[in-house]
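Undergrad: Have a look at this prediction, sequence included:
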There are 2 protein chains.
Amino acid sequence: MAPAGAVGILAGGGILPARVAEAAHAAGRPVYILGFEGFAEPDVIAPWPHDLVRLGAAGRILALLRAHGCTDLVLIGPVRRPSLRSLCPDAEGARILARLGRSLFAGDDGLLASLVRILGEEGFQVRGAHEFLQQSVVGPGLLGRYAPDAQATADISHGARVVRALGALDIGQGCVVQNGVVLAVEAMEGTDQMLARAGQCRQPGEGGVLVKLLKPGQEKRADMPTIGPMTVETAAAAGLRGIAFEAGHTLLTDRAACVAAADRLGLFLIAVTPDP
Amino acid sequence: MAPAGAVGILAGGGILPARVAEAAHAAGRPVYILGFEGFAEPDVIAPWPHDLVRLGAAGRILALLRAHGCTDLVLIGPVRRPSLRSLCPDAEGARILARLGRSLFAGDDGLLASLVRILGEEGFQVRGAHEFLQQSVVGPGLLGRYAPDAQATADISHGARVVRALGALDIGQGCVVQNGVVLAVEAMEGTDQMLARAGQCRQPGEGGVLVKLLKPGQEKRADMPTIGPMTVETAAAAGLRGIAFEAGHTLLTDRAACVAAADRLGLFLIAVTPDP
């Protein structure tokens, strides 16, 4: 077996690329961050050996990853699907686009699964961020001080059915349910925008929960559901009672800050294991 | 058989209450419009015998409908589900709320089906608006000059699968699909807001369709999918190629104006009969 080389982090937005870098470094691995221009946050990746590269420059990306001795790769942080025009692929990028083929126009699952496959064919081991961020992935149960009441528990079950049905169609990962009524469903717009909308569509009475689950067949190594302190703040601003997310399959960007925000705002945080 | 009396129109927002009134009048029936305060548009109902009544004043509503000799009722025009607090039910309203019971907290389908049932128990025949607006409901096929291309046709099929799956869960009636990717899914926010969001989430390449279908089991007598000239304008502003809606089960608020807008903006309008 070849000795483990550096961990290459293909970084989109947010703080998580740095968290993965810290975890890999703590495990004794050299770290190299390849930030995607326009997505990776310069302040986040600055403390580590890094480059900022256009998403379309696949030839340069592969060369840099090899030059830095990367054997394992982690894709982490949101990258908005670019327009083909803005991609400006280099020669290698054009070849990879051709290999992606129709999956470029498929849902996210198909595209990301193809990317992971191609990186594997190029000789890299693609790892899930959760393999490094074990403290950011939690088992089933409550975090923090608050627990769902009977109505919220029923709403979580209903929301899980809805997200499972959506996920089977490769649509979003989340929905908001209040007293049995589905207020909002997530597609491409993302969780924050869905939460804002749910706040405007509230129904008579109290309550309301955000449910976020992995899609069936979702490529965990490229696109894991993520919850951060801002998710908790936004859910509270929308008048919700709490957040249910999938145990073992959700990254908490900052677990302590998530729990602190939930306790301060009176929201429950619960990791659930939905029926298959 | 009792002779047909007046047609009582329980009016929410928009122009359709007047269209139903015109159609019933043209069929030789007396017309009475009961507009819901805060929803019915005074200018729309002003030309007809009418009253404006709070949604919660069920006793007054039933008395007025009987005083005007109404034997048939049509529920038409959007009414936002009110908060129980703002409802301020009168004595009869409180009794009806009790009869609605848990369906008050169910999805729209359950609530509307219960309302229709209760009005039936009170001795009224609840009619679908489409029974009066036969010109506003179209059979399968194209309206206007433009037709979907192969990609749009595939997107319509995919969108129909998505809306059917959503509808089975009593969520919304519509979605936007572009080149196989579901951009947005409608829940409580309504079609216009979903279209605006879809415009912001557009993917590489052209295309995009709005698909609107009846939910399986949806109570057509209370909540029929509706498309008007503004829907066409909003879809065009979101960059879409066209609109597919369910043949026989969609009200066009102004068919001529819908077709004129679609022809002017280069959108197709197609009435489809999705697989069951």
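TA: Looks like it came in fine.
Undergrad: Same question for the closest residue to A:Ala18 other than its chain neighbours, what's its three-state structure.
TA: Of all residues not flanking A:Ala18 in the chain, A:Val44 sits nearest, at 4.8 Å (Cβ to Cβ, 6 or more residues apart in numbering or on different chains). In this view, the C-beta of every residue, glycine as well, is placed from N, C-alpha and C. The three-state label given to A:Val44 by DSSP: H, G, I helix; E, B strand; the rest coil is helix.
Undergrad: any idea how far A:Val44 is from A:Arg161?
TA: Computed as Cβ to Cβ, to the nearest Å, the A:Val44 to A:Arg161 distance reads 37 Å.
Undergrad: swap in A:Ala184?
TA: According to Cβ to Cβ, A:Ala184 and A:Arg161 sit 16 Å apart.
Undergrad: If you count surrounding residues, which of those two has more?
TA: Per other Cβ atoms under 10 Å in any protein chain shown, whichever of A:Ala184 and A:Arg161 has more neighbours is A:Ala184, with 31 against 16.
Undergrad: Tell me if I'm right that that one and A:Cys201 touch.
TA: Yes - A:Ala184 is within contact range of A:Cys201, at 6.4 Å (criterion: Cβ atoms under 8 Å).
Undergrad: Need the residues touching each of those two.
TA: Residues within reach of A:Ala184 and of A:Cys201 at once, by Cβ atoms under 8 Å, 6 or more residues apart in numbering or on different chains, are B:187-189.
Undergrad: Of the residues you listed - the most surrounded one?
TA: Counting neighbours by other Cβ under 10 Å, the top entry in the shared contacts of A:Ala184 and A:Cys201 is B:Ala187, with 26 neighbours.
Undergrad: can you pull the contacts of that residue?
TA: A:175, A:182-185, A:201, B:171-172.
Undergrad: Return the subset of the residues you listed lying in strands.
TA: Within the contacts of B:Ala187, residues falling in strands by DSSP state E are A:175, A:182-185.
Undergrad: Just the buried ones out of these, please.
TA: Among the ones in strands among the contacts of B:Ala187, those classed as buried by neighbour count (16 or more other Cβ atoms under 10 Å in any protein chain shown) are A:175, A:182-185.
Undergrad: Chain B next: which of these are close?
TA: A:175, A:182-185 (Cβ under 8 Å from any Cβ of the partner chain).
Undergrad: tell me the contacts of A:Ile227?
TA: Applying Cβ under 8 Å, 6+ apart, the residues contacting A:Ile227 are A:212, A:243, A:245, A:250-253, A:258.
Undergrad: next one: A:Asn179
TA: Taking Cβ under 8 Å, 6+ apart as the test, what A:Asn179 contacts is A:151, A:155, A:203, A:205, A:207-208, B:105.
Undergrad: Same check on A:Arg99?
TA: Taking Cβ under 8 Å, 6+ apart, we find A:Arg99 in contact with A:114, A:118.
Undergrad: just A:Leu142 next, same as before
TA: Counted by Cβ under 8 Å, 6+ apart, A:Leu142 has contacts A:268-271.
Undergrad: Report the angle between the longest helix along chain A and strand A:181-185.
TA: The helix that spans the most residues within chain A, counting by DSSP state H, is helix A:150-168. Between helix A:150-168 and strand A:181-185, the angle comes out at 40 degrees (axes from the mean of the first three to the mean of the last three Cα atoms, to 10 degrees).
Undergrad: tell me what helix A:150-168 is packed against?
TA: strand A:174-178, strand A:181-185, strand A:209-212, strand A:242-246, strand A:268-272, helix B:150-168 (3 or more Cβ pairs under 8 Å, 6 or more residues apart in numbering or on different chains; DSSP states H and E).
Undergrad: Starting from the fourth one, tell me the next helix or strand along the chain.
TA: Once strand A:242-246 ends, the next helix or strand along the chain (criterion: DSSP states H and E) is strand A:251-252.
Undergrad: Quick one: work out the angle between the helix or strand just after that following strand and strand A:242-246.
TA: Going down the chain from strand A:251-252, the next helix or strand is helix A:255-265, by DSSP H and E. Helix A:255-265 and strand A:242-246 meet at an angle of 150 degrees, taking the same axes, to 10 degrees as the criterion.
Undergrad: can you give me the mean pLDDT across helix A:255-265?
TA: Taken as a whole, helix A:255-265 has a mean pLDDT of 95.
Undergrad: what's the span of stretch A:115-130 from first residue to last?
TA: End-to-end distance of stretch A:115-130 (Cα to Cα, to the nearest Å): 18 Å.
Undergrad: Sorry, slip of the keys, the one I care about is stretch A:197-208.
TA: OK, stretch A:197-208 end separation, Cα to Cα: 13 Å.
Undergrad: Likewise for stretch A:178-192?
TA: Start-to-end span of stretch A:178-192 (Cα to Cα) is 17 Å.
Undergrad: Quick one: the helices in chain A, in order.
TA: Going by DSSP H, chain A shows helices at A:16-26, A:42-45, A:58-67, A:84-87, A:91-100, A:108-121, A:129-132, A:150-168, A:191-200, A:229-237, A:255-265.
Undergrad: would you turn the helices and strands packed on helix A:150-168 into JSON lines with mean pLDDT and distance to B:Pro49?
TA: Below are the helices and strands packed on helix A:150-168 laid out as JSON lines (pLDDT from 0 to 100; distance: least, Cβ to Cβ, whole Å):
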{"stretch": "strand A:174-178", "mean pLDDT": "94", "distance to B:Pro49": "39"}
{"stretch": "strand A:181-185", "mean pLDDT": "91", "distance to B:Pro49": "35"}
{"stretch": "strand A:209-212", "mean pLDDT": "96", "distance to B:Pro49": "46"}
{"stretch": "strand A:242-246", "mean pLDDT": "96", "distance to B:Pro49": "50"}
{"stretch": "strand A:268-272", "mean pLDDT": "96", "distance to B:Pro49": "53"}
{"stretch": "helix B:150-168", "mean pLDDT": "92", "distance to B:Pro49": "37"}
